[in-house]
Each structure stands twice: as structure tokens, then as C-alpha cells.
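Okay, here's the prediction I keep looking at, along with the sequence it came from:
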Amino acid sequence: MPELPENEAQRLTLERECLNRTIGAVELGDDVTYIELPGDNERARLVGRQFTETRRHGKNIFAGSKTGPWMTVHLGMTGRLIPFDAPDDPPDKTKLLIRFEGDRRLAFRCPRKLGHVRIIDDPDAYIADQGLGPDALGIDQEVFVEVFGKTRSAIKSALMKQDRMAGVGNLWSDETCFQTGLHPETRADALSEKTLCEVHGAMQRILEAVVKTGATYSELPDDWLIRHRRKGRNCRRCGGTIVNAKVGGRTAYFCDKHQAK
Ligand SMILES: [Zn+2]
């Protein structure tokens, strides 16, 4: 599932390709029965408008303007925003198509369930309504220590709780544990303040580095977990072995040596 860095890469694509172009039409694609998309009246609100700015909070992407309305996109498991130019056809599995004046188009491609597109008035109100915690790249060290020092669950699961902090999911919680040498099942509220500060620093360094590559994993350092996140692989940091286990219902990958319990 796309997490903060993958969503940030998509936001930057929108920012580069779709700003300041008048919207001519917003259409539904084929087979949209299983996915939440804006209805006729909602879509009509975008027509004649332009996106003049974008935002992102956790795994939510926003495009809109000072006076609104805004479109918010959640990519779900496999969603993707794909700008292209007519006369090219939209990609298969396009669920929503925005036609800008001229040839520019924006497709929301989403082969599986769980993604959505909504039209909203105000991103800040929406973020509050959704009960999302601070964005993982914006949360400062003091707040992080305060929140996670009181979270009574495994550190991996804690980092993924979107109401505590928004943006981190399965991949980057694993990488954060790997780079701080923590077993993913270690209780968050058992960690010292010093360790929580290290977790905070590692997490933000990781997210920033991934954003910098446009979420192209092959460009990340070879000694990161993401490059070898398979059972039985060698750990490039210590020569241990990568293993997996269910933690809070998700499959965690970690090194059996430098992340031992
Ligand atoms: Zn290791």
C-alpha cells in the first residue's frame, strides 16, 4: 500500500503536471461499482475551476485552490494518478478522468478496492474529521516522544496507527525498526526517551530519503531492509538473516540478529 513517500511522489506529479489548467469535465470510468467516487453534483463542482495548489497529509493527497473546492485522493492498495495528453487513451482501470482544457488529462487508475476520490471544502477540516494524527514528516521530536511513549502496543504497530501519526505503513515501519535495531514487537511504551528520539530521527531520515528518490526503491542504499525484504536473505548490516512474523496482523520483516528481542 502506498505510504507517505509514494503519496508525496504522486503529489509532486500533480503539482508538476496539473496546476493552473481549467477543468473542462470530470468523468467516471468503467466498472466503478466497488469504489467510492464523487457523484454527478460533486464532480460538477470542479468544472470551470483550476487546481492552483496541492497538499498531502499522511496518505491523503489534495488538489484545489484557496477558495475550494478540493479533490482528495486516497490511493488505497494500488491506486495511481496518471497525467497524460490526448489523443492518448486513458490507462485501463481508470475510475475517474479529469479533462483539462487543451489536451491534458488526469486519470485515477485503481485496479483494486479501497482507494477513493472525494470532493471537499477544506483540507484542514477533512484531516480533523478523519481523526488523523500529525503528518510523519512534520511531527516534531517532542510530540513524537510524548505520543509514542504512551502507546501500549508493539512499536511497529504503533508507528502505523494513523490517528497517532499519519503516513507510515507496513514498509516504512519495518525499515524504521531495522535501522534503529529494534525488534518490531518491542512495546513502544517500554522504550526510553533516548530510543524514541532515535526512532523519530531514523523515521524522518528514511522518509525524506525515499521522497528524494521519487519512491524509486532501487535507488536506495543497499544496506537498507527494503532492498532485501525477503525471508532468508542476508542482512547487509550484520550478516544475520531476514525473517518474518505477524505483528499486529501485518507481516513484519526484520533481522534475527541485530533486531533480536
Ligand atoms: Zn542485521
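Structure's in. What do you need?

what secondary structure does Pro221 sit in?
coil (DSSP: H, G, I helix; E, B strand; the rest coil).

who in the stretch 151-261 of the chain is up against the ion?
Counting by C-beta under 5 Å from the ion, the residues of the stretch 151-261 of the chain close to the ion are 235, 237-238, 240, 255, 257-258. (C-beta placed from N, C-alpha, C; glycine too.)

Give me the next element, helix or strand, following the helix or strand in which Phe62 is found.
Phe62 belongs to strand 60-64 when elements are defined using DSSP states H and E. As assigned by DSSP H and E, the chain's next helix or strand after strand 60-64 is strand 70-74.

The very next helix or strand once past that following strand packs against which elements?
The helix or strand immediately downstream of strand 70-74 is strand 80-85, counting by DSSP H and E. Other helices and strands packing on strand 80-85, by 3 or more C-beta pairs under 8 Å, 6 or more residues apart in numbering; DSSP states H and E, are helix 4-17, strand 104-109.

strands paired with the shortest one, and their directions?
Sheet pairing of strand 104-109 (DSSP bridges) gives strand 80-85 (antiparallel), strand 94-100 (antiparallel).

Name the nearest residue to His183, ignoring sequence neighbours.
Lys261 (4.6 Å; C-beta to C-beta, 6 or more residues apart in numbering).

and the closest residue to Gln141 other than its chain neighbours, what element?
Leaving out its chain neighbours, the residue that sits closest to Gln141 by C-beta to C-beta, 6+ apart is His200, at 5.1 Å. Per DSSP H and E: His200 is located in helix 193-212.

Quick one: list the elements packing against that helix.
helix 4-17, helix 141-148, helix 155-160, helix 170-180.

Next, format these as TSV and append distance to Gly29.
Listed next are those as TSV, based on distance: least, C-beta to C-beta, whole Å:
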stretch	distance to Gly29
helix 4-17	18
helix 141-148	39
helix 155-160	31
helix 170-180	28
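
Which among those is found nearest to Arg55?
helix 4-17 (7.5 Å; C-beta to C-beta).

Report all helices and strands that whichever helix or strand comes after the closest one contacts.
Next in sequence after helix 4-17, counting helices and strands by DSSP H and E, comes strand 23-28. For strand 23-28, the elements it packs on are helix 40-44, strand 94-100, judged by 3+ C-beta pairs under 8 Å, 6+ apart.

what pLDDT, on average, does strand 23-28 get?
Averaged over strand 23-28, pLDDT sits at 98.

which of the helices and strands packed on strand 23-28 sits most buried?
strand 94-100 (a mean of 22; mean count of other C-beta atoms under 10 Å).
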